[in-house]
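> structure for the following, please:
(one chain, ligands or ions: 1)
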Amino acid sequence: MNFENILVSKENKVALVTINRPKQLNALNKVTISELNAALTELDQDNEVRVVILTGAGEKAFVAGADIKEFADFDQKQGQDLAASGQELLFDVVQNLSKPAIAAVNGFALGGGLELAMAAHIRVASEQAKMGLPEVSLGVIPGYGGTQRLAQLVGKGKAMEMVFTAEMIGAEEALKWGLVNHVTTAEELLPLAQKIAAKICRNSGTAIRSTIKAINANYAFDKNGYAVEIEEFGNCFGTPEFKEGTTAFLEKRKPSFN
Ligand code: DAK
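Purely as a prediction, here's the structure:
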């Protein structure tokens, strides 16, 4: 896969997707969103890949937001269109990936950048990371799912304060709030994400795919999460991985999942 604004590599069943516009602090423009859509769609179908890690190039930023230079002169209709297509092309794709997505937040994650990290299933941050939704300081609101996902992760009160004040929080505070799962040094950030990925790879990919669907269902207005859980639980029984997992337990050995 060759792209202008992103890098994709694969190792040990883990794909690393790096947003690569460091001079613009990895701001998400249309081309980058469309390349991420293409890469993630392909990785989702790739049986050799079990986990996807998302990060930003350079030492300064994960993603410093949607590209302000691109949307500065939009009207209402263009704004709505961009929000809808961006959500569909990128943020919903990340949230609904059939394999875990880990955001390794290595610096500024602002606006659309934090929204991207929040669409991922797991977030780890470096000590330097700074996170915020500064949209109201630009006269817009978070348009890529941020009003919904931030409140889901940190609760309504903290989400409202963070958006109203447009202020950034550091990694330790984000950890306390539950916005990120772990904080580590810049050097250890990718190794930590890879370590989590390696633990995930030991388990059944089909069961993890079902888990993603069931947990996501709790946050979808048109789905009953308990019903989805029952359906996905049942689906597991038809899979070779269920057979392997239970057989391995009975034979007192470790399961081998591809
Ligand atoms: N967009 C475009 N360029 C950006 C950018 C961004 N979000 N963030 C940084 N850059 C660029 C800077 O313009 C600068 O470019 P040059 O001037 O060198 O060409 C370069 O990256 C380096 O940035 P700074 O010189 O500003 O670096 P500093 O260390 O001084 O400051 C900073 C770092 C992160 C504090 C600062 O760059 C900053 O405040 N950046 C903007 C943060 C921000 O407000 N992000 C946007 C949040 S709003 C929508 C859907 C969603 C959204 C909007 C619309 N629609 C559907 C229409 C979401 C909006 C957002 O994400």
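
> would you confirm that I122 contacts A101?
Yes. Taking C-beta atoms under 8 Å as the contact criterion, I122 and A101 are neighbours in contact, 7.5 Å apart. All C-beta spots, glycine's among them, are computed from the backbone N, C-alpha and C.

> so those two - more neighbours on which side?
A101 (26 against 19; other C-beta atoms under 10 Å).

> hang on, that one packs against F91?
No. Shown here, A101 and F91 do not form a contact pair, counting by C-beta under 8 Å, at 11.0 Å.

> how about the residue of the stretch 101-250 of the chain found nearest the ligand, phi and psi?
The ligand sits closest to G111 of the stretch 101-250 of the chain, with a gap of 2.1 Å, by C-beta to the nearest ligand atom. The phi and psi torsions at G111 (degrees, to the nearest 10) take the values phi 50, psi -120.

> per-residue confidence at it?
As summarised for this prediction, G111 has a pLDDT of 97.

> residues near it, how many?
Counted with other C-beta under 10 Å, the neighbours of G111 add up to 27.

> circling back to that earlier point, between A101 and F91, what contacts are shared?
When C-beta atoms under 8 Å, 6 or more residues apart in numbering defines a contact, the residues bordering A101 and F91 alike are A119.

> still on that earlier bit, how about the residue of the stretch 101-250 of the chain closest to the ligand, nearest residue that isn't a chain neighbour?
Spatial nearest neighbour of G111, chain neighbours left out: G65 (3.3 Å); criterion: C-beta to C-beta, 6 or more residues apart in numbering.

> now do the one you found against the ligand, distance only.
3 Å (C-beta to the nearest ligand atom, to the nearest Å).

> show the pLDDT at that residue.
Per-residue confidence (pLDDT) for G65: 96.

> can you check K158 too?
98.

> same check on the one 4 residues further on?
Among the per-residue scores, M162 shows a pLDDT of 98.

> quick one: whichever strand or helix holds it near the ligand?
With elements taken from DSSP states H and E, the one containing M162 is helix 156-165. No. Where contact is defined by C-beta under 6 Å from any ligand atom, no part of helix 156-165 touches the ligand; the two come within 11.0 Å at best.
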